[in-house]
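# pasting a predicted model and its sequence here:
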Amino acid sequence: MDLVTLGRTLGFSFAAGVNLYATVAILGLAARYGWVELPPQFRVFDNSVVIGVALVMYVVEFFADKIPYVDSLWDLVHTAIRPVGGALIAVATLGNASPAVEGLMALLGGTVAAGSHLTKTSTRAVVNTSPEPFSNWFLSLGEDLFVVGLAFLALRHPVVALVVAATLIALIVVFAAAIIRTVRRWFSRRTLESGARNLPPQGR
């Protein structure tokens, strides 16, 4: 596998974890109208039904994503859908390959999409605690622009998309590790405090 294929695979899989329908729509429109010269395997997205459904669902998600708590429910429903979509996109962009390679790419694409999806979902949950809706709207619009931008890079500059996606994945891993360490320390401290309170008083 070359860097171009890997860049497109990671770029589109990461974008699918944030907004699957926009990613599929961009892939379908790019394949149909020849925005860039793509390998033959991208023809799988050049289907009127696929493009139409992706566009309709993107419009639905565009509005659902702007409503606090409705966006969290939407993300919850898509916890399985987006990683599966990322895995299918990864296999589709691979082209002809052995079953073992297809399996590895499906695992990679699904994992990347799951990582970006969980990051989006957790960020939205934090933002929804704000009493005003504007931060939610700005974040949602930023996500839409990010997906379009990353998809554009994956189409025209896949090596750059590879660098961007790899950097973001590394940041997600670093932040996730930091959060896990913080939670573990918090639970350990609470356990020690609870144990100290339950100790019987020492006699004189």
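That came through fine. Bear in mind that the values here come from a model prediction, so they are computed numbers and not experimental data. Residues are numbered from 1 along each chain as shown.
# C-alpha from now on. contacts and neighbour counts both.
Fine.
# counting by contacts, list what the lengthiest helix in the chain packs against.
Assignment by DSSP state H gives helix 158-198 as the longest helix of the chain. Judged by 3 or more CA pairs under 8 Å, 6 or more residues apart in numbering; DSSP states H and E, helix 158-198 is in contact with helix 3-18, helix 99-127, helix 134-156.
# what is the neighbour count of residue 95?
A count of neighbours around residue 95, defined by other CA atoms under 10 Å, yields 14.
# so it makes contact with residue 41?
Yes. Using CA atoms under 8 Å, residue 95 is in contact with residue 41, at 5.2 Å.
# picking that back up, buried deepest among the helices and strands packed on helix 158-198, which one?
Neighbour counts (mean count of other CA atoms under 10 Å) averaged over each of those peak at helix 3-18, with a mean of 27.
# before we move on, back to that, columns mean pLDDT on top of the helices and strands packed on helix 158-198, output as TSV?
Formatted as TSV, the helices and strands packed on helix 158-198 follow (pLDDT from 0 to 100):
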stretch	mean pLDDT
helix 3-18	93
helix 99-127	90
helix 134-156	91
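# any idea how far residue 28 lies from residue 38?
Separation of residue 28 from residue 38 (CA to CA, to the nearest Å): 11 Å.
# then residue 98?
Distance, residue 98 to residue 38, by CA to CA: 21 Å.
# also residue 23?
Counting by CA to CA - residue 23 and residue 38 are separated by 15 Å.
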